[in-house]
Structure formats: C-alpha cells, structure tokens
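Undergrad: Kindly generate the corresponding structure for this input.
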Amino acid sequence: MSHLDRLRAVFRVALNLPDGTDVDGLEYRAIPQWDSLAHMALIAAMEDEFSVMIDTDEMIDMSSFAKATELLEKHGVGAASR
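TA: Residues are numbered from 1 along each chain as shown. Here you go, the predicted model:
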C-alpha cells in the first residue's frame, strides 16, 4: 500500500467517512465532518500512522489533502517512491 493510500485511509477513518470516499480534493471545513476537533484527530492519526511529529505551524497550514501530502513528503514520507 502506497503512502498516499495509507493517507487516504487515515483521512477516511479520522473524518468518519465511508470506505471508498474520494478524499483527494478535500479541504478543511469543506465538509461538516472536518471541523477543528476532527482536524486534531486527523493530525494525531497521521503522526501515528507515519511516525512523524507535526508542529503547530504545520497543523495550521495543513488545510487540505494536498497539503497533508506535501507535509508528509517534507517529513520524508513517500519521497523514496518518486
């Protein structure tokens, strides 16, 4: 399973979305499920899944699935698969 598939799964679980939901275009607060509380759960789930530490500035900047992907790559997740 690629890091992107794992990230998609993390988003679905943390935001309580059905399996198979397309999350690639998701943005913060674009859906009711992604509120500030869910955002913290999502950050924690990403840290657990990928063994990274996300700082406060990164948490604030992570406003979409695309930004989450960039954040993981910044932490070295998935960079080797390019």
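Undergrad: And the residue nearest the centre of the chain, which helix or strand is it part of?
TA: Residue closest to the average C-alpha location in the chain (CA atoms, centre = their mean): residue 68, at 4.7 Å. When elements are defined using DSSP states H and E, residue 68 is found to belong to helix 65-74.
Undergrad: Buried residues of that helix, list them for me.
TA: Buried residues in helix 65-74, counting neighbours by 16 or more other CB atoms under 10 Å, are found at 65, 68-69, 71-72. (Glycine included, C-beta is placed from N, CA and C.)
Undergrad: One more: stretch 50-70?
TA: Taking 16+ other CB under 10 Å as the basis for neighbour counts, the residues of stretch 50-70 that come out buried are 50, 52, 54, 58, 62-65, 68-69.
Undergrad: what angle do the longest helix seen in the chain and helix 65-74 make?
TA: In terms of residue count, the longest helix belonging to the chain (DSSP state H) is helix 36-50. Computed with axes from the mean of the first three to the mean of the last three CA atoms, to 10 degrees, the direction of helix 36-50 lies at 40 degrees from that of helix 65-74.
Undergrad: Begin at 16, not 1, for the rest of this chat.
TA: Happy to do that; since the first residue is 16 now, the last one works out to helix 51-65.
Undergrad: Off-centre distance for helix 51-65?
TA: 7 Å (CA atoms, centre = their mean, to the nearest Å).
Undergrad: next helix or strand past it?
TA: Of the helices and strands lying after helix 51-65 in sequence (DSSP H and E), the nearest is helix 71-76.
Undergrad: that older thread, so which other helices or strands are in contact with the longest helix of the chain?
TA: helix 18-29, helix 71-76, helix 80-89 (3 or more CB pairs under 8 Å, 6 or more residues apart in numbering; DSSP states H and E).
Undergrad: List every C-alpha atom in the second one, with coordinates, as PDB.
TA: Taking Å, rounded to 0.1, in the frame of the first residue of the first chain, the C-alpha atoms of helix 71-76 are listed here in PDB:
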ATOM      1  CA  THR A  71       1.800  23.700  15.400                       C
ATOM      2  CA  ASP A  72       2.600  25.800  12.300                       C
ATOM      3  CA  GLU A  73       2.300  22.600  10.100                       C
ATOM      4  CA  MET A  74      -1.000  21.800  11.800                       C
ATOM      5  CA  ILE A  75      -2.400  25.200  10.900                       C
ATOM      6  CA  ASP A  76      -1.000  25.100   7.400                       C
END
